[in-house]
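In: How does the following fold in three dimensions:
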Amino acid sequence: MRAAAPRPFLAEALETLLPGGTLVQMLRAALLDGPAAQSGFDRWTEMLGGSLENMRRPDFALPYLMPLLYDSVRRNAIELDPRLTALMRAAAVRENNRVKVVAAACRDLLSSLPDASSVLVAGDVALAFTAYARPALRHCHGLKLLVAPDHVEPLRAHLVGRRAVRELPHGVLVHRSNLHVEIESEPQSPPSISERAVAIELDGAPARALGRSDLLALVLADGLGDQRGFAQWVADAVSVLTAPGPLDWDAFTRAARVRQESLPAALVLGWLRDEFAVTIPAAVITDLSRDITRFAEDTLLDQARRVYGSVALLRCMRGERNRGLLLWRLAVPSRRLLRAQGEPRLIGPYARRLVESLSLLRQERARLRA
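Out: You can find the predicted model right below:
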């Protein structure tokens, strides 16, 4: 059963999985230009309430975005509380020093490989050195390398054997600079992501990094799966979308289709377009919408329900009709979703969900009457 386009109540449900309130204003301040940036700063600092202590709260600010905010302050000639500007400046200096250490560590690791051209740089380092105006604007937690599936273990053994990294418990690899190293299989979907790789330099060492379309696909997938409430992925997505050069939208939609993420991709792209004024071709969202299935809709709703709870999800709905649609879909999801969750029989789960939805409806009506 296919849906013609993302339904309005799905977009409202998605809001529970997206940054909101203060964080959105912080992101707008960091990522936009001109009056829009000024407005973002004004609203964000008003929400901070003049308290620098709030800068330590994850629902008010993100330390890793401080260099990006400072760049916006300078770019847009924003006047702020000098104490806040000083914090941003200090963070920018630290990150500028750190990125040099990261680049040197990457050069050391890549130079230890017999064939560095056979690996793809992904994750934080790829984003910092391809999507951002300067690498120091993006904090790098670690280096992610993508290789062919049958090369993962040999590469790990090679790096450990050459003492380029040390192996900690649970298989964690760490360079002597304390940069964490991940080695993963390159997604096997035609055409190969290697064909869209771009050339970068890491402290003088040549390397190949994921192309913009593949970075965007991974950023959006990781963002909605991030239950910690961090919003770094939004800055990453906007930076990828606004970086110079063409973006292969056909490759992006193919990747979303292969990963069965057409619905969240369509909804998140629409949200980014509306909140951050990024250009998204209308044909892309239309194309993604053709792949939306009842199973995809129910998967998204179930993810939102598990992360934030049914009550919070219900209260995101605007209007009685959308609340009713949500309750019905929570009560009667597709059989495919229940089977994917390992339910051997369907009558029990359906009955349990129906009772829960009716209870939610009574609670919500009582709250609205109070």
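
In: the strands in the stretch 51-200 of the chain, which residues?
Out: Applying DSSP state E, counting those that start in this stretch to the stretch 51-200 of the chain gives strands spanning 120-122, 142-147, 165-167, 173-175, 180-185, 198-202.

In: Can you check which of the ones you listed gets nearest to Met88?
Out: strand 142-147 (24.1 Å; Cβ to Cβ). (C-beta placed from N, C-alpha, C; glycine too.)

In: Tell me the helices and strands packed up against that closest one.
Out: helix 82-111, strand 120-122, helix 123-130, strand 180-185 (3 or more Cβ pairs under 8 Å, 6 or more residues apart in numbering; DSSP states H and E).

In: Could you tell me how far the first one lies from the centre of the chain?
Out: Between the centre of helix 82-111 and the centre of its chain there are 22 Å (Cα atoms, centre = their mean, to the nearest Å).

In: Just the element for Gly40, please.
Out: Per DSSP states H and E, Gly40 falls inside helix 34-48.

In: Turn the strands of the stretch 51-200 of the chain into CSV, columns for distance to Glu364 and mean neighbour count.
Out: What follows is those, written out as CSV (distance: least, Cβ to Cβ, whole Å; neighbours: other Cβ atoms under 10 Å):
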stretch, distance to Glu364, mean neighbour count
strand 120-122, 43, 24
strand 142-147, 43, 22
strand 165-167, 52, 17
strand 173-175, 49, 19
strand 180-185, 43, 16
strand 198-202, 50, 17
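
In: Kindly state which of the ones you listed is positioned closest to Trp271.
Out: strand 120-122 (24.0 Å).

In: so the residue nearest to Glu184 when sequence neighbours are not counted bridges to which residues?
Out: Nearest residue to Glu184 in three dimensions, chain neighbours excluded: Leu146, at 5.7 Å (Cβ to Cβ, 6 or more residues apart in numbering). Beta bridges link Leu146 to Leu120, Glu184, judged by DSSP bridges.

In: show me what contacts Leu146?
Out: By Cβ atoms under 8 Å, 6 or more residues apart in numbering, the contact list for Leu146 reads Val119, Leu120, Val121, Ala122, Glu184, Ser185, Glu186, Pro187, Ile193, Leu210.

In: how far away is it from His180?
Out: Distance, Leu146 to His180, using Cβ to Cβ, to the nearest Å: 15 Å.

In: Which helix or strand in this structure has the lowest average pLDDT?
Out: Lowest by mean pLDDT, DSSP states H and E among the helices and strands of the chain is helix 8-14, with a mean of 75.

In: Downstream of that one, the next helix or strand is which one?
Out: Using DSSP H and E, the helix or strand that follows helix 8-14 in sequence is helix 21-31.

In: Can you give me the domain boundaries for this protein?
Out: 113-211, 295-369 (automatic domain parsing).

In: Check the ones you listed for me: which has the lowest mean pLDDT.
Out: Among the domains of the chain, domain 295-369 carries the lowest mean pLDDT, at a mean of 80.

In: And Ala90, what's its pLDDT?
Out: 93.

In: Neighbours of it, how many?
Out: Here the count is done by other Cβ atoms under 10 Å, and Ala90 has 13 residues near it.

In: dump the residue contacts of Ala37.
Out: Applying Cβ under 8 Å, 6+ apart to Ala37 gives the contacts Arg28, Ala29, Leu31, Ser72, Arg75, Asn76, Ile78.

In: Please convert the buried members of these into PyMOL selection syntax.
Out: A single PyMOL command selects the buried members of the contacts of Ala37 (16 or more other Cβ atoms under 10 Å):
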select buried, resi 28+29+31+72+76+78
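
In: Just the closest of the contacts of Ala37 to Leu215, please.
Out: Leu31 (16.4 Å).

In: Isn't the closest one up against Ala235?
Out: Yes - between Leu31 and Ala235 there is a contact under Cβ atoms under 8 Å: 6.3 Å.

In: Give me the distance between the residue nearest to Glu184 and Asp302.
Out: In terms of Cβ to Cβ, Leu146 sits 29 Å off from Asp302.

In: and what of Leu269?
Out: Plainly put, Leu269 is 21 Å away from Asp302 if you go by Cβ to Cβ.

In: got it, and Arg156?
Out: 35 Å.

In: Please apply the same query to Gly34.
Out: According to Cβ to Cβ, Gly34 stands 40 Å off from Asp302.

In: So which of the two has more stuff around it?
Out: In this view Gly34 and Asp302 are compared by other Cβ under 10 Å, and Asp302 has more residues nearby, 17 against 9.

In: Assign the more buried one to helix, strand or coil.
Out: The three-state label given to Asp302 by DSSP: H, G, I helix; E, B strand; the rest coil is helix.

In: what residues are up against it?
Out: Counted by Cβ under 8 Å, 6+ apart, Asp302 has contacts Pro333, Leu337.
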